[in-house]
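1. I would like the atomic coordinates for the input below:
(4 chains)
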There are 2 protein chains.
Amino acid sequence: MSLRARATVLDIARQAGVSRATVSLVLRGSDRIKPETADKVRQAMKEVGYVYNRAAANLRSARTNFVGMVMSDLKNPFFSELAVGIEDSLYRLGLTPILANTNDDLARQRQVLQSMLEYGVLGVILSPARATDAGHLALPPTAPPVILAMRKIDGCDLPYVGQDNASGARKAAEHLVALGHTRIAFFGGDPAITTQQERYRGYCEALRAAGLPLLPDLLFETDVTRDGGGEAMERAMASAAKPTAAVCYNDLIAIGATRALAMRGLKAGEDFAIVGFDNLSEAKDNFPPLTTIDAETMAMGDRAAQILIGLIDGPARSTATAVTGGSRLVVRDSCGARLTGRSGAVSNRVSSRASLTG
Amino acid sequence: MSLRARATVLDIARQAGVSRATVSLVLRGSDRIKPETADKVRQAMKEVGYVYNRAAANLRSARTNFVGMVMSDLKNPFFSELAVGIEDSLYRLGLTPILANTNDDLARQRQVLQSMLEYGVLGVILSPARATDAGHLALPPTAPPVILAMRKIDGCDLPYVGQDNASGARKAAEHLVALGHTRIAFFGGDPAITTQQERYRGYCEALRAAGLPLLPDLLFETDVTRDGGGEAMERAMASAAKPTAAVCYNDLIAIGATRALAMRGLKAGEDFAIVGFDNLSEAKDNFPPLTTIDAETMAMGDRAAQILIGLIDGPARSTATAVTGGSRLVVRDSCGARLTGRSGAVSNRVSSRASLTG
DNA sequence: CTGAAAGCGCTTACAG
DNA sequence: CTGAAAGCGCTTACAG
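-> The predicted structure follows:
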């Protein structure tokens, strides 16, 4: 539409009395142009109301500035924080993100990936939709690099950036063990996703190391939502295993669990110890504030962008890079440590506590 | 980079033994091509591993499929829900969103808008950064349509899509009046933003209609965050005005307020009545579940996309469209209505309640 | 330091 | 129904 009405380099060239090539050099800030000429050109640009046509430039130079950002579920605050981290980093690198939210829909993921290839993206940062397998990610040989964010795919050797899930969950469970708990549940997510597998493995390692039995009825799988967390807590309270603490797959589940306690007039950190995973910005604002593993989500987004740049500029398509981070324990109130001190067990209804911290 | 290695329409044409024009027609699904020829071309596309080059097509046809999505704060769940709504709608329309998160930074907003013009976006959906004025949105005459989402700008006649803020806040306050409250606070946001002004106005209208005095010390401005809500509640509890209820600028503030109550061993809906605004997906998962105004955020995103399409395809750049919606009261537990019935006042420490609802 | 020519990969009239 | 030619708005060698 309005594209056609726009002034072109030729209009600038005529206005300034120079050639198109000269204008092009000025546009890209070349130092091969005499300052006066450059000024004359810039003046002409203003006069004709020039707007750079990046599509044309990209076509000629066979290079775009696009990077695909494919998120599996942007409504989940974890992924929106990740997206913000990626967007911010790409922006600083002078790259332009094309966004797609697949909603964990495989067909949509396939379509948006195809579309991004057609746009000539320099690369893609992809948090794969649930049920993605290696076959879905088999791309044409000319395809740009793709980085998996947060979820690995079996049999797929694409570079991966994510938290150190096993280590984080292990620290969470160790913390609860140190507080004296012996019946520690795992409120988990989708067993088909590597993130769940790794976090559950970390939890198991901690229990094993502590000499605690790994009871299958301490695992409560549930939806990865606040509702799911509440539901897991209800089941846990009604179960024969009678856990006194839980490592949660993520903060959403942990928040739902604290809420289910509150519904019963109970309180996380007093009547039941809870540790989450992710350190969402709402974790510190929960009541009680959530003890959790800091996934450094924004920083992970930044890492993903940095890795991608490396692959784009780098010599060959490198194989199997795995960058992990984010497994620091952040102690707040939902685990009870602040009530009892590091080593004591959580007792019921300790006297009221005071300050919260971010 | 890899762009150059890709097969082109000419490669397909040679492979299929037809001309480039024929290939182009097949690519766009024209019915002017004999079925056998089309099949032959499609076969050739596969053989040469063709990937459509959308940038080239756009250049020639002087039309892109890009739409700019400029969000002021994607970390705020309200805006991420809005973004999901917009993205989903654009996707269905065959359009490709270019994302930018300005973080309420004016300089960044200016840059991304410029960049989007250079990419030839068909239009932009913009939730303006704080402190944006009409001058910041003065675009070149050839610029595509821009729609303001959620925030109006004084002196700027761009089309606007947003909630009916005054009406929603009025309903919220009327609800609290009907429950018997006479000292109703407003926990508000940034007074420079029209959304705040409109919501505060709606609140004032309800109080005036009920014959209640509009006390300036019932207005507690605060950060539009969970922390801000907690802080407003602390100030309200310590104030001479001693409110018994609050209309909150949004759910984040309302959630923070319920949490501040919980920190004191008090409970929203029993000791203090709270109504939020937005109906974030976490509103129903709050403890207690939040009474709020449903902003129909996803639907608003869809509306914004629809309006934009109308302007793109429409005859002339239409002026000043204002589409509003989203002001339905959703009664849950934080207001106390379920405890006392619609007409009674909230008393202290009513007997324990039961079920929650989404 | 600047200019004239060619071409990126498509689509668009225009023929036939 | 299909082909040969021109051109979208840039950048890229290549001259000078």
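
2. make it CA atoms for all contacts and neighbour counts henceforth
-> Will do.

3. how far away is A:Arg338 from DNA strand D?
-> Applying CA to the nearest atom of the strand, to the nearest Å, the value for A:Arg338 to DNA strand D is 60 Å.

4. A:Pro289 now?
-> A:Pro289 is 52 Å from DNA strand D, by CA to the nearest atom of the strand.

5. ok, that residue - how many residues close by?
-> Residues near A:Pro289, counting by other CA atoms under 10 Å in any protein chain shown, number 23.

6. my reading is that it lies in a helix. Confirm?
-> No: counting by DSSP: H, G, I helix; E, B strand; the rest coil, A:Pro289 falls outside a helix, being coil.

7. give me the domain ranges for chain A.
-> Here the domain parsing of chain A from automatic domain parsing is A:2-61, A:66-163+A:297-326, A:165-295+A:329-340.

8. tell me the most buried of the ones you listed?
-> Comparing the domains of chain A on average neighbours per residue, with mean count of other CA atoms under 10 Å in any protein chain shown, the densest one is domain A:165-295+A:329-340 at a mean of 22.

9. how about residues contacting stretch A:273-282?
-> A:77-78, A:168-169, A:172, A:176, A:244-255, A:257-258, A:268, A:290-297, A:334-336, A:346, B:226 (CA atoms under 8 Å, 6 or more residues apart in numbering or on different chains).

10. again, but for stretch A:227-238
-> Stretch A:227-238 is contacted by residues A:185, A:187, A:218, A:220-223, A:242-243, A:252-261, B:285 when judged by CA under 8 Å, 6+ apart.

11. closest residue of chain A to chain B?
-> A:Ile98 (4.7 Å; CA to the nearest CA).

12. would that residue count as being in a helix?
-> No: with three-state DSSP as the criterion, A:Ile98 is assigned strand and is not in a helix.

13. is it in a bridge, and if so with what?
-> Note on A:Ile98: beta-bridge partners A:Gly68, B:Ile98, judged by DSSP bridges.

14. how about the contacts made by A:Gly189?
-> Per CA under 8 Å, 6+ apart, neighbours of A:Gly189: A:196, A:221-224, A:249.

15. let me know the closest of those residues to B:Asp313.
-> Closest to B:Asp313 out of the contacts of A:Gly189 is A:Val224 (40.8 Å), distances taken as CA to CA.

16. ok, that closest one - contacts?
-> So A:Val224 contacts A:188-190, A:249-250, A:252-253 (CA under 8 Å, 6+ apart).

17. inside helices: which ones of those residues?
-> Assigned to helices by DSSP state H, the following of the contacts of A:Val224 qualify: A:252-253.

18. out of the contacts of A:Val224, what pair is the most spread apart?
-> Put simply, by CA to CA the two of the contacts of A:Val224 set farthest apart are A:Asp190 and A:Leu252, 13.7 Å from each other.

19. tell me the SS of A:Met298?
-> Here A:Met298 is recorded as helix under three-state DSSP.

20. residues contacting it?
-> Counting by CA under 8 Å, 6+ apart, A:Met298 touches A:81-86.

21. quick check, central residue of chain A?
-> A:Leu82 (3.4 Å; CA atoms, centre = their mean).

22. quick check: that residue touching A:Gly301?
-> Yes: counting by CA atoms under 8 Å, A:Leu82 touches A:Gly301, with 5.2 Å between them.

23. related to what we said a few turns ago, show only the entries of the contacts of A:Gly189 found in strands.
-> Among the contacts of A:Gly189, the ones falling in strands (DSSP state E) are A:Glu221.

24. which of the contacts of A:Gly189 lies closest to DNA strand D?
-> A:Gln196 (45.7 Å; CA to the nearest atom of the strand).

25. roughly how far apart are that closest one and A:Phe186?
-> Distance from A:Gln196 to A:Phe186, counting by CA to CA, to the nearest Å: 10 Å.

26. tell me, what's touching the two both at once?
-> Common neighbours of A:Gln196 and A:Phe186 (CA under 8 Å, 6+ apart) are A:Tyr249.

27. pLDDT value on the residue nearest to A:Thr102 when sequence neighbours are not counted, please?
-> Among residues not flanking A:Thr102 along the chain, A:Ser72 sits closest, at 5.0 Å (CA to CA, 6 or more residues apart in numbering or on different chains). Confidence at A:Ser72, expressed as pLDDT, is 97.

28. for A:Asn101, what are phi and psi?
-> phi -110, psi 110 (degrees, to the nearest 10).

29. look up how far B:Pro97 lies from it.
-> When CA to CA is the yardstick, A:Asn101 and B:Pro97 sit 10 Å from each other.

30. which residues do those two both contact?
-> Shared contacts of A:Asn101 and B:Pro97, defined by CA under 8 Å, 6+ apart, are found at B:Glu87.

31. how near is the closest residue to DNA strand D within the stretch 151-300 of chain A to B:Ser115?
-> The stretch 151-300 of chain A approaches DNA strand D most closely through A:Pro159 (28.9 Å), counting by CA to the nearest atom of the strand. Remark: distance between A:Pro159 and B:Ser115 (CA to CA) = 30 Å.

32. also A:Glu198?
-> Counting by CA to CA, the gap from A:Glu198 to B:Ser115 is 41 Å.

33. A:Ser80 too?
-> Look at A:Ser80 and B:Ser115: by CA to CA, they are 23 Å apart.
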